[in-house]
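S.K.: Whatever this is, show me its structure:
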Amino acid sequence: MYRRPLPRRGKWFTLLGLGPTIHNEQNETRVSTNDVCLAVELGRLRLANPILVASGTFGYAREMAGLVDLNRLGGILPKTITQEPRPGNPPPRTVETTSGMLNSIGLDNDGVEAFVDRLLPGLAELGTTIIVSIAGRTVDEFVRLATRLDGLPGVGALELNVSCPNVSGGVDLGTDAQACQTLVRRVREACGLPILAKLTPNVTDVVAIARAAADGGADAVSLINTCLGMAIDWRRRRPRLGNVLGGLSGPAIKPIALRIVYQVGRAVDVPIVGIGGIGSIDDVMEFLVAGATAVQIGTANFYDPTVSMRVLDALPAAITEFGAASVKEIVGSLGIAK
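M.R.: Numbering: from 1, shown residues only. Prediction:
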C-alpha cells in the first residue's frame, strides 16, 4: 500500500492503495480519477487533453497508428510544411549526444500543395486536433500558407515555426520582437485559425519575443524549439553534421525549457505549450506547474513511440495526487502552497 499526504486547500489527504479515489482524513471530500477534467484551452483552441506530439518527431501520424491510439492525443503536429518543396540539409542529419540528439533536417518536405492533396485528407479523419506547423522565409510566405490552409477540413490551428535553427530565412522573424509581432498580426488578419507561435531559446530575451507574439494576437506560444549546438569528430577534424550546426533536443534541454516556460508564464498573459525533454508523467507535471497549459512530446517519440499513451494513462492519477480535479488547477502553481 502506498500512502502519501496530499495537500488541498489546507487539508491533508491520503492516497489509498492503487484505487482511483482520494479521501481526506474526515472523508469530507472525494476526488476520483474518473472525474478529472483534462480539457485545456489555448486561447481560441480547445483541446481534449494537454498531451500533444511535436512537429518533426511524429511524421504525418499514420506511421505511428500501429503503436499509438491517435484519437486519444490532445493534438498532433505533423512535420513542418513550406510553400514550395524543400530537399533539406545534406547528411548526416542527426547525431546522438549525451542525454539528447542533434538534428539538422532542414525542414525537408514536399510543399503545401502535396500536403493538402495527399496528407491532409487522412489527418482530417483522425479523431483529434491537427495543428499544422508552417514555415516561410518571409512574412508574405507565412501569410500565403495560412490563407491556403484556412478553412480546410481537418486543420484545427496553425503553429508558426519561426525558430528552426537549421534553415536560412524565417528564423529571423523569431529573434526580433517587432518582426515577430508583425508576422503574427499579419497571419491573424489573413486567417481565422487559432495561432501558436513556436519560439527559439537562441535569443537574449525570450520573454520579449513571447510578449511580441501575444501582442500580435497569438493564441499561445510554444516554448521551446531546439538549442543550437554542434558535434565534432576530432580524429577526422570534421563536424559530425553535414550542415555543421544543428538543434539540440531531448532531456538535455529540459532545464532550459522549464526555465523559459516559468519566466514567460510570470511575465506574459498568454497560454504556453511546453516543449523540451518531456518523456514521463513527472516531466509533464513539472511543465504544468511551471506555467504550461499543454505540452508537446518530441524526441522521446523516437526512442519510446508509446510514451504519449503512457503519459496519458498516468495523467489523471497525477492530477489527483496533486489534490486537484482539473489540469487548469495545476497550471502555473509553482510556489503556491495548497
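S.K.: Could you list the residues in contact with the longest helix anywhere in the chain?
M.R.: Assignment by DSSP state H gives helix 307-322 as the longest helix of the chain. Applying Cβ atoms under 8 Å, 6 or more residues apart in numbering, the contact partners of helix 307-322 are 4, 6, 15, 20, 22, 31-34, 36, 38, 49-51, 53, 68-69, 72-73, 279-281, 284-285, 297, 300-301, 304, 325-327, 329-330. Any C-beta I mention is one placed from the backbone N, CA and C, and that applies to glycine too.
S.K.: 7 Å instead, please
M.R.: The set of residues external to helix 307-322 that reach it, using Cβ atoms under 7 Å, 6 or more residues apart in numbering, is 6, 15, 22, 31, 33, 36, 38, 49, 51, 53, 68-69, 72-73, 279, 281, 284-285, 297, 300-301, 327, 330.
S.K.: and the closest residue to residue 231 other than its chain neighbours, what is it in contact with?
M.R.: Distances taken as Cβ to Cβ, 6 or more residues apart in numbering place residue 240 nearest to residue 231, at 4.0 Å, with adjacent residues excluded. Residues near residue 240 by Cβ under 7 Å, 6+ apart: 92, 95, 231, 232, 233.
S.K.: repeat for residue 48
M.R.: Residue 48 neighbours (Cβ under 7 Å, 6+ apart): 38, 39, 74.
S.K.: Ok, residue 174 next?
M.R.: Applying Cβ under 7 Å, 6+ apart, the residues contacting residue 174 are 162, 163, 180, 199, 200, 209.
S.K.: confidence score at the spatially closest residue to it that is not a sequence neighbour?
M.R.: Take residue 174 and drop its neighbours on the chain: the residue closest to it by Cβ to Cβ, 6+ apart is residue 162, 3.2 Å away. As summarised for this prediction, residue 162 has a pLDDT of 95.
S.K.: same thing with residue 277?
M.R.: 98.
S.K.: Can you tell me the number of residues neighbouring it?
M.R.: By the measure other Cβ atoms under 10 Å, the count of residues near residue 277 is 25.
S.K.: Tell me who's in contact with it.
M.R.: Listed by Cβ under 7 Å, 6+ apart, the contact partners of residue 277 are 250, 251, 252, 253, 254, 257, 283.
S.K.: Keep only those of those that are in helices.
M.R.: 254, 257, 283.
S.K.: would a markdown table of the residues you listed with pLDDT and distance to residue 112 be doable?
M.R.: Shown next, in a markdown table, are the ones in helices among the contacts of residue 277 (pLDDT from 0 to 100; distance: Cβ to Cβ, whole Å):
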| residue | pLDDT | distance to residue 112 |
| --- | --- | --- |
| 254 | 98 | 32 |
| 257 | 98 | 29 |
| 283 | 98 | 33 |
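S.K.: so where's the protein uncertain?
M.R.: Within the chain, the stretches with pLDDT under 70 are 1-31, 168-170, 336-338.
S.K.: which residue packs closest to the residue nearest the centre of the chain, ignoring adjacent ones?
M.R.: The structure's the chain has its C-alpha centroid closest to residue 296; by Cα atoms, centre = their mean the separation is 3.0 Å. With Cβ to Cβ, 6+ apart as the criterion, residue 296 has its nearest non-adjacent residue at 3.9 Å, and that residue is residue 54.
S.K.: cool, residue 330 as well?
M.R.: What sits nearest to residue 330 in space, not counting adjacent residues and going by Cβ to Cβ, 6+ apart, is residue 288, at 4.7 Å.
S.K.: What helix or strand is that neighbour located in?
M.R.: Residue 288 is part of helix 281-290 when elements are defined by DSSP states H and E.
S.K.: For the closest residue to residue 215 other than its chain neighbours, list the residues it contacts.
M.R.: Nearest non-adjacent residue to residue 215, counting by Cβ to Cβ, 6+ apart: residue 181, 5.3 Å away. Counting by Cβ under 7 Å, 6+ apart, residue 181 touches 212, 213, 215, 216.
S.K.: now the helices for this protein?
M.R.: Read by DSSP H, the chain holds these helices, from start to end of the chain: 112-114, 120-124, 139-149, 177-190, 206-216, 254-267, 281-290, 300-303, 307-322.
S.K.: which one of those helices lies closest to residue 104?
M.R.: Of all the helices of the chain, it is helix 300-303 that lies closest to residue 104, at 15.3 Å by Cβ to Cβ.
S.K.: Return the closest one as CSV; C-alpha atoms alone will do.
M.R.: Coordinates of each C-alpha in helix 300-303 appear next as CSV, following Å, rounded to 0.1, in the frame of the first residue of the first chain:
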residue,chain,number,x,y,z
ALA,A,300,11.1,10.8,-26.7
ASN,A,301,8.8,9.6,-29.6
PHE,A,302,12.0,8.3,-31.3
TYR,A,303,13.2,6.0,-28.5
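S.K.: So what touches that helix?
M.R.: With Cβ under 7 Å, 6+ apart as the criterion, helix 300-303 contacts 53, 57, 58, 278, 279, 307.
S.K.: which one of the ones in helices among the contacts of residue 277 has the most neighbours?
M.R.: Counting neighbours by other Cβ under 10 Å, residue 257 leads the ones in helices among the contacts of residue 277 with 26 neighbours.
S.K.: on that earlier part again, what is the nearest of the ones in helices among the contacts of residue 277 to residue 194?
M.R.: Looking across these and measuring by Cβ to Cβ, the closest to residue 194 is residue 257, at 22.1 Å.
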